[in-house]
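K.L.:
Test case, fold it:
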Amino acid sequence: MPLSARKLPLLLLVIGAAAAFAAGRTFGAAPPAALFNDAHFHLTNYVQKGPDAQTLMHLVGGKVGRIAMFGIPLQQEWSHEVSGDTAPTYYLQSDAPLYYYSYTDAHIALAYRSLSKGDQARVDPMITGFNPADMYAADHIRRVLADFPDVFSGIGEFSIHKEFVSGKIAGGTPSLRNPALDRILDLAAEAGLVVLIHNDLDVPFADSDGPPAYLRDVEAVFKRHPRATIIWAHMGLGRVVRPLEEQAALVSHLLDDPQLAHVNFDISWNEVAKYLYRGVDTPRTIARVSTIINRHPDRFLFGTDEVAPESAKEYFRVFEQYAPLWAALTPEAREKVLKGNYARLFDAARVRVRAWERSHVAAAQ
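P.N.:
Residues are numbered from 1 along each chain as shown. Prediction:
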């Protein structure tokens, strides 16, 4: 059957993009002096403030190749009854609730479009302004892709179980057992969107003798969605969700499971970096972590998890905190964790999402 005139351009686009990817051509090659690609960066904070995109690119200069850029999906409410004239800027500064702030996606899209073409090639915007407990969340993602085509490469960082955050969210707490999450991951797999998800491995201040509270459920979610490209933020750790005694064995178990081959781990956040370099057992901790990464160099990505940084010093601090780990990795593993894995996952996402947009957005119009 002959191709319709409408479908032919789409086919040519997919073939051309796929050929470029297969040939190893990246869509935003890192500057030669780049130290890393940043798989986890928040342009705005919990009151939706932060640097503009041009300021960000000037701040990172040529030291950073590419950046997965997104906002904060939650807005901290300023309740005068709670804090008076003191305006909170962080979720730990007020007992007032958090609420989902969907405009963050439009803000990120406009910030991206304000950049030069060269800088756009270095940025991968992410959709994050949705409530993962809402069955309509997948519809929000579709709507953003339709309204801002040729912009987004993934979804996240969005949170399900997060210490001190989940319980503050107005309108209900997200859950790994909510079918709304399955709808989100189904769409991500269909459209080719990278998924950056935050879900703590355990509850805060957990009894170290008990099993991790969320491990079984998070494994089940990941296994239900084998076609999705998933990055598990912080390896399930947090500010007070500390590594377990058997953390190395647990992570190795996940990495060795063939049903979880589509799941990657990001190494990000200064609150997680502290577990590596603080304490009397630092050399052994670094050895255990580096051994795992050297065995599975294709499964880890570095991200700063900086939130609306005001200076280069602030932006680069997490990369510098991990210096002992970088030194303990093999050259191949270090290159993949800092640059290669990001390029591989996000280049593939750009090809798939652009093709999905041209097919589905055009069909809906």
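K.L.:
quick one: contacts for residue 268?
P.N.:
Applying CB atoms under 8 Å, 6 or more residues apart in numbering, we find residue 268 in contact with 39, 40, 233, 234, 302, 303, 304, 305, 318. For glycine as for every other residue, the C-beta is placed from the backbone atoms N, C-alpha and C.
K.L.:
Please disregard the earlier target; I meant residue 62.
P.N.:
By CB under 8 Å, 6+ apart, the contact list for residue 62 reads 31, 32, 33, 34.
K.L.:
And for the closest residue to residue 290 other than its chain neighbours, the neighbour number?
P.N.:
Spatial nearest neighbour of residue 290, excluding adjacent residues (CB to CB, 6 or more residues apart in numbering): residue 328 at 3.7 Å. By other CB atoms under 10 Å, 17 other residues sit near residue 328.
K.L.:
Now do the same contact list for residue 328.
P.N.:
Counting by CB under 8 Å, 6+ apart, residue 328 touches 286, 287, 289, 290.
K.L.:
In the protein, which residue is most central in space?
P.N.:
residue 196 (3.3 Å; CA atoms, centre = their mean).
K.L.:
Would you mind measuring from residue 71 to residue 105?
P.N.:
7 Å (CB to CB, to the nearest Å).
K.L.:
Can you check which residues contact both of the two?
P.N.:
Taking CB under 8 Å, 6+ apart as the contact rule, residue 71 and residue 105 both touch 128, 129.
K.L.:
which stretches of the stretch 1-150 of the chain form helices?
P.N.:
Under the criterion DSSP state H, counting those that start in this stretch, the stretch 1-150 of the chain carries helices at the ranges 7-22, 53-60, 80-83, 103-113, 117-120, 137-147.
K.L.:
could you dump those to CSV with distance to residue 90 and mean neighbour count?
P.N.:
As requested, these are exported to CSV (distance: least, CB to CB, whole Å; neighbours: other CB atoms under 10 Å):
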stretch, distance to residue 90, mean neighbour count
helix 7-22, 40, 14
helix 53-60, 20, 18
helix 80-83, 12, 11
helix 103-113, 16, 19
helix 117-120, 29, 13
helix 137-147, 25, 18
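K.L.:
Figure out which of the ones you listed is closest to residue 359.
P.N.:
Counting by CB to CB, residue 359 lies closest to helix 7-22 out of those; the figure is 5.6 Å.
K.L.:
quick one on the thing from earlier: which among the contacts of residue 328 end up buried?
P.N.:
Among the contacts of residue 328, those classed as buried by 16 or more other CB atoms under 10 Å are 286, 289, 290.
K.L.:
Where does the residue nearest to residue 239 when sequence neighbours are not counted fall, secondary structure wise?
P.N.:
Spatially, and ignoring its direct neighbours in sequence, residue 239 is nearest to residue 271 (4.6 Å; CB to CB, 6+ apart). Assessed by DSSP states H and E, residue 271 sits inside helix 270-277.
K.L.:
now that helix: mean pLDDT?
P.N.:
Regarding helix 270-277, the rounded mean pLDDT is 79.
K.L.:
how far out from the middle of the chain is it?
P.N.:
18 Å (CA atoms, centre = their mean, to the nearest Å).
K.L.:
tell me which residues in the next helix or strand after that helix are buried?
P.N.:
Scanning forward in sequence from helix 270-277 by DSSP H and E, the next helix or strand is helix 282-295. Going by neighbour count (16+ other CB under 10 Å), the buried part of helix 282-295 is 285, 286, 288, 289, 290, 292, 293.
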